[in-house]
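Q: Provide a 3D model corresponding to the input given below.
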Amino acid sequence: MNNPLANRDVKTQILDIAQSAMGSRGFTAVGLNEILRAAQVPKGSFYHYFESKEAFGVALLERYFRRYLAELDGLLGTADESSAVSGLMRYWQRWVDTQTGHDLQSRCLVVKLGAEVSDLSDSMRQVLENGTDRIIERLTHELRRAQQNGEMTADGDARELAASLYQMWLGASMLAKVTQNDTPLQSALSTTQRLLDR
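A: Residues are numbered from 1 along each chain as shown. Next up, the predicted model:
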């Protein structure tokens, strides 16, 4: 008899190993055989969970955004919390911490895979677009709350500010990879703090 828990664990194991490897080296540089060998899963089992490497990439990105958005919600707090800006700054500080550390599971897959897979697969590109839109919407909500609470002087369009901040952080993360230091991220943090200060 098939054990659904065992199936879920094997699928999770494949995705976990792939996220670390692809977060480090990219989508095309990591072969299925490498992932399956590391996960100790036969190749036939892979196709039980995923139709193709592209379908696997879609599942990997969907899971990444589910986890990312859940963590984002935890960092931002709730509407009952007194300071929306405090929650936003927790989020940006977490970005600095995760993008400069050694935990490959926490690396931003948008930064690592965005340009690469968007050219390879429209399905993966759509997952990236939808996921980043949801992040920007969540940031927009908190920026509006900060504006309504009088926590920040920036009174422009909250969605435009959220998109600009997110784009700045993606760029800073890319430059941090190029320079191999956190200076671009620290600069983004300082700029964000200035923009959100009263």
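Q: who does the longest helix seen in the chain touch, helix- and strand-wise?
A: Counting by DSSP state H, the longest helix found in the chain is helix 122-148. When contacts are defined as 3 or more C-beta pairs under 8 Å, 6 or more residues apart in numbering; DSSP states H and E, helix 122-148 packs onto helix 53-76, helix 84-100, helix 109-120, helix 158-179. No exception for glycine: its C-beta is placed from N, CA and C like everyone else's.
Q: just send the ones you listed back as a markdown table, with distance to residue 35 and mean neighbour count too.
A: Output for those, formatted as a markdown table (distance: least, C-beta to C-beta, whole Å; neighbours: other C-beta atoms under 10 Å):
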| stretch | distance to residue 35 | mean neighbour count |
| --- | --- | --- |
| helix 53-76 | 9 | 17 |
| helix 84-100 | 22 | 18 |
| helix 109-120 | 15 | 18 |
| helix 158-179 | 22 | 17 |
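Q: what would these look like in a markdown table with distance to residue 11 and mean pLDDT?
A: Formatted as a markdown table, the helices and strands packed on helix 122-148 follow (distance: least, C-beta to C-beta, whole Å; pLDDT from 0 to 100):
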| stretch | distance to residue 11 | mean pLDDT |
| --- | --- | --- |
| helix 53-76 | 8 | 93 |
| helix 84-100 | 24 | 91 |
| helix 109-120 | 18 | 89 |
| helix 158-179 | 28 | 94 |
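Q: can you add distance to residue 21 and give the ones you listed back as JSON lines?
A: Below are those laid out as JSON lines (distance: least, C-beta to C-beta, whole Å):
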{"stretch": "helix 53-76", "distance to residue 21": "11"}
{"stretch": "helix 84-100", "distance to residue 21": "17"}
{"stretch": "helix 109-120", "distance to residue 21": "11"}
{"stretch": "helix 158-179", "distance to residue 21": "16"}
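Q: list the buried residues of the longest helix of the chain.
A: 124, 127-128, 131-132, 135-136, 138-147 (16 or more other C-beta atoms under 10 Å).
Q: ok, now stretch 33-47?
A: For stretch 33-47, a neighbour-count test (16+ other C-beta under 10 Å) marks 35, 36, 38, 39, 41, 46 as buried.
Q: now, which of the residues you listed lie within helices?
A: Per DSSP H, those map to helices at 35, 36, 38, 39, 46.
Q: apart from its chain neighbours, what residue comes closest to the first one?
A: In space, and not counting its chain neighbours, residue 35 is closest to residue 18: 5.0 Å by C-beta to C-beta, 6 or more residues apart in numbering.
Q: surely that neighbour meets residue 60?
A: Yes. Judged on C-beta atoms under 8 Å, residue 18 makes contact with residue 60 at a distance of 5.8 Å.
Q: so who does the residue nearest the centre of the chain touch?
A: Nearest to the geometric centre of the chain sits residue 108, at 4.5 Å (C-alpha atoms, centre = their mean). By C-beta atoms under 8 Å, 6 or more residues apart in numbering, residue 108 lies in contact with 95, 98, 99, 170, 173.
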